[in-house]
Every structure is written in C-alpha cells, then in structure tokens.
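Q: Sequence first, then the predicted structure, then my questions.
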Amino acid sequence: MYAIGVNPWVWASPVDDEALAELIPRIAAFGFDAVELPIEQPGDWDPVRTRDLLAAHGLVAAGVCAVTPPGRDLVDAAPAVVESTVAYLMGCVASAAAVGAGCVGGPVYASVGRTWRMSATARAACYKDFRRALAPVAELAGECGVSIGVEALNRYETSVVNTIEQTVELIDGLPPSVGIMIDTYHMNIEEADPYAALAVAGPHIKHVQVSGTNRGAPGADHFDWPRFFTVLRDTGYQGAICIESFTAENETIATAAAIWRPLAPSQDRLATDGLRYLRETLG
C-alpha cells in the first residue's frame, strides 16, 4: 500500500508555521498518511517543529517541494542568480533531512513561466549547464540521504523539459541521488502516452504527485488511474503518492497555477474525494 499524502497548497499559500499548525491536524483527521511540504521562502516553516507536529498527528513528511518563482534559475541566468538558487536548493535539502522527508522535488532548473526557444545545440548546452549547477546540491543530497526529483512541466510553464524522455536526458550523468518527480497533470498535457512514459521514468522515480486532469481531485477526470497505478507498481516505486492542487482563494498562488475557478465544491472535498478515490483504486 502506498502512503497517500496531500500538499497544503490545496488550502493555503504561503505554507508557513501558522498554516501548518491549523492544517496538519485536519489533514490527519481526513485520513491522510503524509504531507508534502513546499518551501516558497526559506524559513516559512521550522523543520524540527514541523517534524514534531507531523509525528504528533501520526503523519510523515512525504517530500519537500522546491518552488521556483522568477529569479530562481540554474540555467541561462547570471552567475549571481545561479549561486542564490543553489543556496536555496541546498536549504531545501537541509530542511528535508531535518523534517524526515526523503525527496526534494520540483522544476529545479528554471523559474516557472520562463520560456525561450532553443536549438538542439543550445538545449544540449542548457542541460550541461544544469548538471554542472546542480552537482553540489546533488552531492549534499547524497550525504543527507535525500533525493532530488526533477519535475517536467507543461509547455506553457517551461521550455526546458516537458516530457519524461527530456527529463531522463537532463539528469543523465548526475549521481543516483537525482531522479524524476512525476506529476500527472503535466504528463496528461505533454505525453502522447503517459503510461508508457511512466514506465520509462521507472528506474528514476523519486516522488509522485497526482491531480485530476483539470487540477481537481484524482478520479473526477478522464485519466486512466487504474492503468497508471498498474504501471507504477511495475516500476517498483514504493514512495508516497501526493495530491497536489491549489486554492483559488489566494490570488498569488491562483494566478501562478492558473486556477481561475473552484475545482471542487470545497477544498476539503477536493482533498477527501481524491483520497477516497485513491484508496479505492489502490485497493
């Protein structure tokens, strides 16, 4: 049985100590096993306090989400920007280790929404720059027992990697601490066959995020979830499966994630309907 988690972004942004103090007891009461913890700004939440709060409610940290707003880039950026992004990611690794999360995942290569055209030569150079910039973060992650899950985003949010095949190429040559974070929302947009792409990702999967094809609850959409989970089992992945969605009530996060309307009768229903469907589908 997979641990099933949820990201507090379903209800709040920023996810800070105050938000977690209110949400973690509710998440536990809903019946989740785990929580996925985003770090929008360093220091938003205290890792030790959060670890103890999770434990008090029978939950674990499923992973830490790295957040890349404008100005957090490892590629095609000024040296000072790359340096500050590396420092941010190292902080994410340290927080993950302290809170007991096994993975830091996200689009760690470039800021979300930043797109530009690349020739094959320019793309190869971009990927090489990424591997060089991420190397010290990967080294620290390995020392801390934390993995890095690189997330492909859809074409409207990045031009660096949109598919699993591209992501495998991007991380080629990096240490085993670096792999792939699956996000079914982006796969549904970009992969001609998301189930075959999942099989390709198999040896590299570090973390799995799920949401409906419209960013709502898994199961309230057209995705073939039983097929997806059959392939996921075949990969040997044993980590958590986490619902990621966003509240339309917070202007900043709703605009960033293009949430223009409510995706469920309530945010609680989005989480609990998704949890119920995942439990039923996973058996």
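A: Now that the structure is in, tell me what you want to look at. All values reported here derive from a predicted model rather than from experimental measurement. Residues are numbered from 1 along each chain as shown.
Q: Quick check, residue 129 in contact with residue 76.
A: Yes: Residue 129 lies in contact with residue 76 (C-beta atoms under 8 Å); the separation is 7.4 Å. C-beta coordinates here come from the backbone N, C-alpha and C atoms, glycine included.
Q: Let me see the ranges of the helices in the stretch 51-200 of the chain.
A: With DSSP state H, counting those that start in this stretch, the ranges of helices along the stretch 51-200 of the chain come out as 79-99, 120-144, 164-171, 184-190, 194-201.
Q: Among those, which comes closest to residue 54?
A: Nearest to residue 54 among the helices of the stretch 51-200 of the chain is helix 79-99; the distance by C-beta to C-beta comes to 7.5 Å.
Q: Next up, the contacts around residue 235.
A: 198-199, 201-203, 205 (C-beta atoms under 8 Å, 6 or more residues apart in numbering).
Q: Now, of those residues, which are buried?
A: The neighbour-count criterion (16 or more other C-beta atoms under 10 Å) marks 198, 201-202, 205 among those as buried.
Q: ok, back up a step: CSV for the helices of the stretch 51-200 of the chain, including mean pLDDT and distance to residue 229?
A: What follows is the helices of the stretch 51-200 of the chain, written out as CSV (pLDDT from 0 to 100; distance: least, C-beta to C-beta, whole Å):
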stretch, mean pLDDT, distance to residue 229
helix 79-99, 98, 25
helix 120-144, 98, 27
helix 164-171, 98, 17
helix 184-190, 98, 11
helix 194-201, 98, 10
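Q: of those helices, which approaches residue 109 most closely?
A: Closest approach to residue 109 among those (C-beta to C-beta): helix 120-144, 5.1 Å.
Q: what residues does the closest one touch?
A: When contacts are taken as C-beta under 8 Å, 6+ apart, the neighbours of helix 120-144 outside the stretch itself are 74-76, 82, 85-86, 89-90, 93-94, 96-97, 104, 108-109, 118, 147-148, 160, 169-178.
Q: same thing with stretch 73-87?
A: When contacts are taken as C-beta under 8 Å, 6+ apart, the neighbours of stretch 73-87 outside the stretch itself are 68, 71-72, 108-111, 114, 116, 126, 129-130, 133-134, 136-137, 160.
Q: could the helices of the stretch 51-200 of the chain go into TSV alongside distance to residue 252?
A: Shown next, in TSV, are the helices of the stretch 51-200 of the chain (distance: least, C-beta to C-beta, whole Å):
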stretch	distance to residue 252
helix 79-99	18
helix 120-144	26
helix 164-171	27
helix 184-190	19
helix 194-201	29
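Q: Of all the ones you listed, which one is nearest residue 24?
A: For the helices of the stretch 51-200 of the chain, proximity to residue 24 was assessed by C-beta to C-beta; helix 79-99 is nearest, at 11.9 Å.
Q: so the closest one versus helix 120-144, what angle?
A: In this structure, helix 79-99 runs at an angle of 30 degrees to helix 120-144, with axes from the mean of the first three to the mean of the last three C-alpha atoms, to 10 degrees as the basis.
Q: Can you give me the buried ones in helix 79-99?
A: 81-82, 85-86, 88-99.
Q: now, among the buried ones among the contacts of residue 235, which is nearest to residue 6?
A: For those, the minimum distance to residue 6 (C-beta to C-beta) is 19.1 Å, reached by residue 205.
Q: Excluding chain neighbours, give the residue nearest to the closest one in space.
A: In space, residue 205 comes closest to residue 237 once its chain neighbours are excluded; the distance is 4.8 Å by C-beta to C-beta, 6 or more residues apart in numbering.
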